[in-house]
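Asker: Pasting the sequence and the predicted coordinates here, then a few questions.
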Amino acid sequence: MLFECIELLKVFKMRKNIQIKGFIGVLIVLSMTFGSLSAQWSPVNINGGYISYLAEAGDTLFAITGLHGDGLFISTDEGNSWSEVISNSLPTSKKVIARFGNSLFLGCGSVFEAEGIYRSDDNGATWTKKTTKPMWVTCFAQKGNTLFAGTGEGLLRSNNNGETWEYANNGLEQMPPHIYSLLVVENEIYVGIGENFGIYRSANNGDTWVQASIGMQIGYNEGNYYYPYITSLAYIGDAIYAGSDGNDGIWKSVDGGDFWALTSTASFDYSSIKAIVGKDSLLFAASVYNGVIRSVDGGNSWSGMNGNGISIWAESNALVMSNENVLVGTKGTIYKSADHGDNWNESDSGVHAFSMTNPPVLSLNSNLYSGTMTSGIFRSKDNGDNWTAINEGFPVNDLEFLRSISSNSTTLFAASVISDDGGDSWHSTEQDSVFPWVEHNGSLYTYGPTSGVSISNDNGTTWKNIESSHYLYLSLHSDGAILFLGAYEGYYYSTDNGNNWQQSIFEGATGYISVNNFISTPTAKIVSISGGGRRGIYRSVDNGANWKLVHNMAGTKLIADGDKIYAGGTVLKNINGEEVEYPTILLSEDDGINWKIISGALGSDLSLYAMAVVDGKIIIPTNTYPQYGLYCSIDDGTTWKDISTGLVPGTFVSTLSVADRYIYAGTFNSLYRRGIDELNIPSQPSGITGKITPCISTVQTYSVEDVSGVNFNWQVPSDWNIITGQSTNSITVLVGSEPGYISVIPSNEFGTGLSQIITVTPVDDFPAKPDNIAGSVTPIANTTENYSVTNIAGVTYDWTLPSDWTLISGNGTHAITVTVGNLSGDIICTPSSGCGQGDAQTLAVTPLPSGIGQQMDDDIKIYPNPITTQVNIEINDMDRSSVIRIIDIRGNTVVQSVGQSSGSCCSKSFDLSGYARGIYYIHIINKQKSLVERVVVQ
């Protein structure tokens, strides 16, 4: 960008009448403000999420986020704000991060993928894998020039900045040893390993290891002592602290690990200590199940910090101390304390790390609601622009995962609780029920898997069981007039609000009928079933009495969109001689009678539970690791377009939902949204705005109305240059001399729209110098005068006057009216047009005094009068700007003197013997006062 601006500047210098200095400023501003096309998907403004690891390196903090280590964020302001690290080479399943020298190291791995160690030498822009064997990396440490990495396969060591690694397990028990924690203290290295082997120590850079766990025995069996799983190690003050898994306490050694003592029996109350930080005797520990705990006496006693601003304390996975600030990462967000833990505040601005529920967003009574798996429920009252947590009464700390949220027309449902006041509060219900409750003919209905069907006529306050004759209940739906019930023994329907039930007949299926999806059209009822050996899409035209098999898909989704029906599920397909379940999308255009496959081009890696359809747009994620994908078809599967632009590379979209003209994409590391109307071939842009007769060699702007998600390709005449804005809705150009067309073509993933065009004709129309200024050159001071030049169409005129003159009217035009001052000077008229400024015209003016013989005071004396040869002028207290002028009868100044004294009397004499006899005027200006005296030269 800067190179392009420099080249344009060279061109600019060769063209006439250009203010180079000003243009450089324009280029600087443009280069700073120019950006790429805004991403089609943008993260929703909900801060926080699951924090799995925190690290500190100098003035930078790092946070690994998400249930599976999906995100990486950095902060350079003590955690006040965070930005996400975006890189196509950033690995998944991130566990730990550290900075050694100028390099960043990521340790990765999970139960899904075994990753290894990655290094970045450019602050996270690119990453390279530095290990070949799959492993789960748990911790890092550095001793001099040697790096250590704890893994599930033992301890790795590198002496060349992580370029190569070798195992250093000699002497460690449990082969291969699982390393949970690492610590370097001066010349010694400590590791905590699994299988109750405690702590090992090395004094020779990891060449050999000896056990260093004396004092922390927690069991004995057949000659062997058992030690805690040491999950965290820290050196604070003059002591080493060790946190354990389970409820095996927090330990302390003051002799380099020779002997260990329990800090306090109270530490047994806190389970799974993931991190310990502190300073001197002030300690903090993060407990997965008990939150943040603190000791102010070196561990002799511990107390919980939950409730002092930490609202979501469960799964406190990470701690870091930066200067005097302490930050903790929980399953909900990042909290920070600046007063040694007395008070905590959320410190998560910019962190988007939620794992979303299914659906990710729903709408109820003009509000939007979003569910997260670990951080509770959020509400938006402004169509998704801003969100607020609504967890009053919600069991966010007790609930392991929230899988789904739902609603009917009045009530929100999540986990085992409900909200009937729009999320302001949550409470449990005594009713054994599957959510959401079904609204039918003015009553609420629900079912429990074993308790049967119940009805409520008071909005869920009390319930009455109306059906309990079946062994197992599987589904309940309503079409507004009829209730439909799936049970272990079959499928049933009721036309009298559940008082009586008739069994339906399913073609080719008896017994266990689990309806996953139910839709009602004006002429039919359509369901998809799977499970219990049953499968298929069925259709009924007699209100549920009889059901005909119309396709053998094991259905996951049924979606009605206009007069079309879409189905997602698996079909049986023969692949290499073996019949397999093959993920597929079907379409029916005749009310569910006939179906066709429309997903063939996508293959089988389809995430069918997340499929969404709206306005003829089919949106489906793919689950191909590690890149994944998100696709859309606007032509019923004829073509599929990748619409993942804007998502963090490698993001898996787990859920989709539609609300208020947005499609929301739930992931394991954030919630994104995109306008539904973007998912089309773009329309022709609005008319292009900008000058059609611009001046040659000027900088001009041309634009069309911005449309989210659309790329704009601009074309300009051949010798014009686009400075900034290509691909956006607005360009800045350097105008050439060639006439022609400016065109803009819109495009997005779905294709190219119609172009918009304007004709442009550059002009070389700098204004000429105005003719002579008309008006008096010797106006009378303190009077009104008019000055003008000949008017030229399209030209504006800027007027400049002597300093004590006043412009009454006319600036910008060819004629002005002024109040004349006492000072002489120049009247300047500068012409300008759209092409720039022309040369100025100047008129010198000398005001004549307006009050003859008006003496200022006794401080000024003029003598003799009449004058024969010399006139004398005495001025008391003359200032440096005093002016004495002698003016002839025609208004010409014949003598002028500027005072040079200050604060004393000044006497000046002027020889007038060489001037013509007659009347003269002496005009004296001193201390902003004026005197005019008439004299006669004889």
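Answerer: Okay, I see it.
Asker: how about the helices in the chain?
Answerer: 2-13, 20-33 (DSSP state H).
Asker: which one of these has the lowest average pLDDT?
Answerer: Mean pLDDT is lowest for helix 20-33 among those, at a mean of 33.
Asker: For Gln938, grab the count of nearby residues.
Answerer: Look at Gln938: counted by other C-beta atoms under 10 Å, it has 9 neighbours. Quick note: C-beta positions are derived from backbone N, CA and C, even for glycine.
Asker: which residue packs closest to it, ignoring adjacent ones?
Answerer: Pro866 (4.8 Å; C-beta to C-beta, 6 or more residues apart in numbering).
Asker: Thr92: what's it in contact with?
Answerer: Counting by C-beta atoms under 8 Å, 6 or more residues apart in numbering, Thr92 makes contact with His68, Gly69, Asp70, Cys108, Glu113, Glu115, Pro626, Gly650.
Asker: Turn those residues into a markdown table, columns for pLDDT, neighbour count and distance to Leu671.
Answerer: Below are the contacts of Thr92 laid out as a markdown table (pLDDT from 0 to 100; neighbours: other C-beta atoms under 10 Å; distance: C-beta to C-beta, whole Å):
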| residue | pLDDT | neighbour count | distance to Leu671 |
| --- | --- | --- | --- |
| His68 | 88 | 20 | 16 |
| Gly69 | 90 | 27 | 18 |
| Asp70 | 89 | 25 | 13 |
| Cys108 | 95 | 26 | 24 |
| Glu113 | 65 | 17 | 23 |
| Glu115 | 84 | 24 | 25 |
| Pro626 | 72 | 12 | 21 |
| Gly650 | 84 | 18 | 17 |
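Asker: so which of the residues you listed comes closest to Asn365?
Answerer: Asp70 (32.7 Å; C-beta to C-beta).
Asker: so what's that closest one up against?
Answerer: By C-beta under 8 Å, 6+ apart, Asp70 lies in contact with Thr92, Lys94, Ala353, Val648, Gly650, Thr651, Thr667, Phe668, Asn669.
Asker: 7 Å instead?
Answerer: Thr92, Phe668, Asn669 (C-beta atoms under 7 Å, 6 or more residues apart in numbering).
Asker: Distance of it relative to Phe668?
Answerer: As defined by C-beta to C-beta, to the nearest Å, Asp70 lies at a distance of 5 Å from Phe668.
Asker: tell me the mean pLDDT over stretch 259-268?
Answerer: Computed over stretch 259-268, the average pLDDT equals 96.
Asker: Run through the residues that contact the residue lying closest to Ser89 once chain neighbours are set aside.
Answerer: Distance criterion C-beta to C-beta, 6+ apart; nearest residue to Ser89, sequence neighbours excluded, is Trp127 at 4.4 Å. By C-beta under 7 Å, 6+ apart, the contact set of Trp127 is Ser87, Ser89, Leu90, Pro91, Leu106, Tyr118, Arg119, Ser120.
Asker: Among the residues you listed, which lie within strands?
Answerer: Leu106, Tyr118, Arg119, Ser120 (DSSP state E).
Asker: could those be laid out in CSV, adding distance to Ala414 and neighbour count?
Answerer: Conversion of the ones in strands among the contacts of Trp127 to CSV gives the following (distance: C-beta to C-beta, whole Å; neighbours: other C-beta atoms under 10 Å):
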residue, distance to Ala414, neighbour count
Leu106, 34, 29
Tyr118, 37, 23
Arg119, 42, 20
Ser120, 39, 21
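Asker: List just the nearest of those residues to Ser272.
Answerer: Nearest member of the ones in strands among the contacts of Trp127 to Ser272, counting by C-beta to C-beta, is Leu106, at 23.4 Å.
Asker: before we move on, back to that, got the contacts of Asp70 as a markdown table, with distance to Gly531 columns?
Answerer: Listed next are those as a markdown table, based on distance: C-beta to C-beta, whole Å:
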| residue | distance to Gly531 |
| --- | --- |
| Thr92 | 32 |
| Phe668 | 26 |
| Asn669 | 31 |
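Asker: and which of those is nearest to Pro779?
Answerer: Using C-beta to C-beta, the contacts of Asp70 come closest to Pro779 at Asn669, 77.2 Å.
Asker: Grab the nearest non-local neighbour of the closest one.
Answerer: Excluding the flanking residues, the one nearest Asn669 by C-beta to C-beta, 6+ apart is Asp70, at 3.7 Å.
Asker: measure the one you found to Asn552 for me?
Answerer: Counting by C-beta to C-beta, the separation of Asp70 from Asn552 is 37 Å.
Asker: ok so, going back, which member of the ones in strands among the contacts of Trp127 is positioned nearest Thr817?
Answerer: For those, the nearest to Thr817 is Ser120 (70.4 Å; C-beta to C-beta).
Asker: What residues sit buried inside stretch 356-373?
Answerer: Neighbour-count burial for stretch 356-373, counted by 16 or more other C-beta atoms under 10 Å, picks out 356-364, 367-373.
Asker: between those, which is closest to Tyr512?
Answerer: Asn358 (24.2 Å).
Asker: Okay, and the beta partners of the closest one?
Answerer: In this entry, Asn358 is beta-bridged to Ser404, by DSSP bridges.
Asker: What's the local residue count around the nearest residue to Lys617 once chain neighbours are set aside?
Answerer: Excluding its sequence neighbours, the residue lying closest to Lys617 (C-beta to C-beta, 6+ apart) is Leu679, at 4.7 Å. Per other C-beta under 10 Å, the neighbour tally for Leu679 reads 24.
Asker: just Leu90 next, same as before
Answerer: Around Leu90 there are 23 residues (other C-beta under 10 Å).
Asker: Which residues are in contact with it?
Answerer: Leu72, Trp127.
Asker: tell me the contacts of the closest residue to Met135 other than its chain neighbours?
Answerer: Spatial nearest neighbour of Met135, chain neighbours left out: Thr151 (4.3 Å); criterion: C-beta to C-beta, 6+ apart. Neighbouring residues of Thr151 by C-beta under 7 Å, 6+ apart: Met135, Trp136, Val137, Thr138, Ile179.
Asker: confidence score at the closest residue to Asn865 other than its chain neighbours?
Answerer: Nearest non-adjacent residue to Asn865, counting by C-beta to C-beta, 6+ apart: Val935, 4.8 Å away. Listed pLDDT for Val935 reads 86.
Asker: With Gly101 instead?
Answerer: The confidence metric pLDDT takes the value 95 at Gly101.
Asker: partners of Val653 in the sheet?
Answerer: Val653 forms beta bridges with Thr667, as assigned by DSSP bridges.
Asker: And it, how close does it get to Trp82?
Answerer: From Val653 across to Trp82, the span is 23 Å (C-beta to C-beta).
Asker: Next: Gly298.
Answerer: Gly298 sits 32 Å away from Trp82, going by C-beta to C-beta.
Asker: who's more crowded, those two?
Answerer: Remark: of Gly298 and Trp82, Trp82 carries more neighbours, 24 against 20, as counted by other C-beta under 10 Å.
Asker: what sits against that one?
Answerer: Trp82 touches Ala63, Phe73, Ile74, Ser75, Asp348, Ser349, Gly350, Val351, counting by C-beta under 7 Å, 6+ apart.
Asker: same thing with Glu678?
Answerer: Counting by C-beta under 7 Å, 6+ apart, Glu678 touches Gln40, Ser708, Gly709, Asn748.
Asker: In PyMOL, how would I select just the buried ones from the residues you listed?
Answerer: Restricted to buried positions by 16+ other C-beta under 10 Å, the PyMOL selection for the contacts of Glu678 reads:
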select buried, resi 40+709+748
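Asker: Let's see which of the contacts of Glu678 end up in strands.
Answerer: Reading strands off the contacts of Glu678 with DSSP E, I get Asn748.
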